[in-house]
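Peer 1: 3D, please:
(chains A and B)
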Amino acid sequence: MKRTFQCIIYSVCIGKYIPSMGDVARTLLQRTLRKIPTVKLEETLKKWAHLSRRQQQSVNYTQSKWILHENIVSLCEENGLTTRHVSELEMIYCMENPNLGTWRACHLTDADEDATSVELLSFKEQFKSHLAELIRNVSIKIKKHDNGSVWIRIAWGDNFSKPNHFKPTYVVHDLQTPYVFISNLKSKHKPLLYQGLVLATKHGSIKDAHLSGRSLHAVRDLLMGHYQQSFPTNHLRPLQERNPPITHPNIEKEHKEHAEKRLQVAYEAFGEGDIPKLETATYTLETRFRGGGGMDTLSDGEKPFRTVVQFASTSLLESLRHCVSSGIAEAPVSPLLSSITQKGRNYFVITDKADKGHNATTQNSRAKV
Amino acid sequence: MEARDHNVLSCLQRLEMGALGFQSRDPEEVLKKDRLHQLKCRALSLRMQRNQLKAQIQKLKEAKAALDDGITMDGNDVENRVNSSQLALPLLMSRHTQLKDMLRAHHLIGGYDVVEVDSGKRVSFSLSTAYEDTYLDTYHLELDLTRGVRIHRHDIPPFIPLKTLAQENLETDLPGFLHSLWQHVNGRASRQYQLKLIKEQMETVSVMETNPLCSVLVLMCKIPGEEDTAVLLSLLYGDPLKALPTRVTLESNNKLLPDEPQWKEVKSLFLKTPPHKVLLALRSEGRIM
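Peer 2: Numbers count the residues shown, from 1 in each chain, chains lettered A, B, ... in the order given. Got it, this is the predicted structure:
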């Protein structure tokens, strides 16, 4: 407050009108600058293109962070930039580095006849108009990424308050595919966003795909199939590709064929080479306990024994693949595990065969790992 | 006259020297002789190589012809035992070429590589895409054959309408389903390959918009000569199976340009010929940069 007051007095004294950034814009700019690491700052500012070349060259990147940021803030004030411009900077940075917490995947179903002909301009118009109808005071920005996907940044407000730019929702969608990736969405805004997406992409409905992860690229690659999947072929793969080189000519591996078979099974279930980095897989079991072995207290045959099994790792699929190829897990791979890659989800609800749940994979409750 | 006599005399002198066996002292002559000798030796060695290769090719042809006729080389045959060691390699090579020809024929008639997995419970198909003599990506489809035909897993990209195709044909008409799926996938692969060719061969043409299914292509071309005149070409591929657009629109900041008859001709040309060829032709004619 004090600062704006001073600014106004200063400008009145001089008799010139210097447009000043609003508080929101300045705070947003400072927060965004703090998020961007200094090494990437120069190219991000260049891409943003809202500072003139002379201004960009005048920035000294070797100064301490606080001074550097103040410098940039003052340059932006010179240019009279608003919240709209600053949110563009944030969006540009996020598009290159989508470290925005957890990304959730959603699945669009019941495509209309002409869903495959939706193109960027019509999608933009439709989405903006539909969302604006549903709720007042939203700020929407849509940009196309180099790899073809469409990024949407939404700052939500409501009837009484302006859009909150500090907690925006990011949505990523590839046109003509049925997948949408969302991060930072509050549950009260969920139905509005879903409605807007469904109408803009000309589908009938949208549902949760039960896939979430911290890395957008991993989640997206898993659903779009951008990793190398292995299929059985008639061609004999050169064994040298797979096996490590022979360490010593006098050492012979007895179980060479078994090891190769296990490797093949592991590759078919989880993919070859670099596979998407998921962090967790969660199984909610609502099955009856059939343990046996004297655990009478736990076996109450009628009621389901509710458990949640969660696998966590820095790169879950790779660890599972290693489990199978080294023999720790039994081959053939349990469908509970291979469904992660096949169905592209990492949250499962398992019920008994007798009662078929809505989102369940019907399975015998004994897991084999 | 004296000069001519001089030349004739020097020539006669040289001939005499050569007949008597004296080396000519002129350094150029020496070099020429050496070079001639070298070339003669080289020609001899090349001729020998050529004869060897001809003999090898002949042997290969005979072996391949014998294989084609179904005659197998019998190891017990006395004559063959003598020649078998020499013929082993050409035999292998001829068998290799025969198999490659068969594989190519199999692909040409629209066959798919099929592998049986799990003793008949699952079947894996490979669909390979190609455009004008270039093989592009291969896609796979694994079908589960227990209790009716169902798709087990696949690596077909999500913008191909696999589910709708499966609902139509999968249970009833498997070859039909595979064919329609292959058409979709091949159409998309061909369009993507054409786009790649445009990007590689025409750097001055900028691609303004495209989409994963490659059903929309917007290109901007500059016209030489006049400044700031650009043509915006929008190619709409309405039919996902075909590699040719169904609608072409031309826009330009010079309002009169699209109405000129030559540009209307260009529009109709785009409907019949692949876009990269049209653009190359236009560039060679000098109509676009």
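Peer 1: can you count the residues close to B:Pro158?
Peer 2: When counting by other Cβ atoms under 10 Å in any protein chain shown, one arrives at 17 neighbours for B:Pro158. Where C-beta positions appear, they are placed from N, C-alpha and C, glycine not excepted.
Peer 1: confirm that it lies within a strand, as I assumed.
Peer 2: No. Going by DSSP: H, G, I helix; E, B strand; the rest coil, the assignment for B:Pro158 is coil, not a strand.
Peer 1: how near is it to A:Ser149?
Peer 2: 12 Å (Cβ to Cβ, to the nearest Å).
Peer 1: over to B:Val123?
Peer 2: Here the criterion is Cβ to Cβ. By it, B:Val123 lies 34 Å from A:Ser149.
Peer 1: could you do A:Leu81 as well?
Peer 2: 27 Å.
Peer 1: what do you get for A:Lys261?
Peer 2: Remark: distance between A:Lys261 and A:Ser149 (Cβ to Cβ) = 38 Å.
Peer 1: for the two, indicate the residue with more neighbours.
Peer 2: Between A:Lys261 and A:Ser149, A:Ser149 has the larger neighbour count (other Cβ under 10 Å), namely 20 against 13.
Peer 1: nearest residue to that one other than its sequence neighbours?
Peer 2: Leaving aside its chain neighbours, A:Ser149 sits nearest to A:Asp174 (4.7 Å; criterion: Cβ to Cβ, 6 or more residues apart in numbering or on different chains).
Peer 1: for stretch A:321-336, which positions count as buried?
Peer 2: Using 16 or more other Cβ atoms under 10 Å in any protein chain shown as the test for burial, stretch A:321-336 gives A:Arg321, A:Cys323, A:Val324, A:Ser325, A:Ala329, A:Ala331, A:Val333, A:Ser334, A:Leu336.
Peer 1: so where's the stretch 1-150 of chain A shaky on pLDDT?
Peer 2: For the stretch 1-150 of chain A, the stretches with pLDDT under 70 are A:1-20.
Peer 1: repeat for the stretch 151-300 of chain A
Peer 2: A:234-246, A:291-300.
Peer 1: which parts of it are helices?
Peer 2: For the stretch 151-300 of chain A, applying DSSP state H, counting those that start in this stretch gives helices covering A:190-201, A:216-224, A:239-242, A:256-270.
Peer 1: surely A:Val349 is in a helix?
Peer 2: No. Looking at A:Val349 with three-state DSSP, it is strand, so not inside a helix.
Peer 1: so it versus A:Ala269, what's the distance?
Peer 2: Look at A:Val349 and A:Ala269: by Cβ to Cβ, they are 21 Å apart.
Peer 1: out of the two, which sits in the more crowded spot?
Peer 2: A direct count of neighbours by other Cβ under 10 Å for A:Val349 and A:Ala269 places A:Ala269 higher, at 27 against 15.
Peer 1: and the stretch 101-250 of chain B, which of its residues are near chain A?
Peer 2: Residues of the stretch 101-250 of chain B lying close to chain A (Cβ under 8 Å from any Cβ of the partner chain) are B:113, B:115, B:117, B:124, B:126, B:140, B:142, B:152-153, B:155-159, B:161, B:209-213, B:215-216, B:240.
Peer 1: go again with 7 Å.
Peer 2: With Cβ under 7 Å from any Cβ of the partner chain as the criterion, the stretch 101-250 of chain B meets chain A at residues B:113, B:115, B:117, B:124, B:126, B:140, B:142, B:153, B:155, B:157-159, B:209, B:211-213, B:216.
Peer 1: let me see the domain layout of the chain.
Peer 2: I'll assume chain A. Per automatic domain parsing, the domain ranges recorded for chain A read A:18-96, A:103-224, A:249-364.
Peer 1: that answer is for a different chain, and I need it for chain B
Peer 2: B:91-188, B:202-284.
Peer 1: export these as CSV, with columns for mean pLDDT.
Peer 2: Shown next, in CSV, are those (pLDDT from 0 to 100):
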stretch, mean pLDDT
domain B:91-188, 81
domain B:202-284, 81
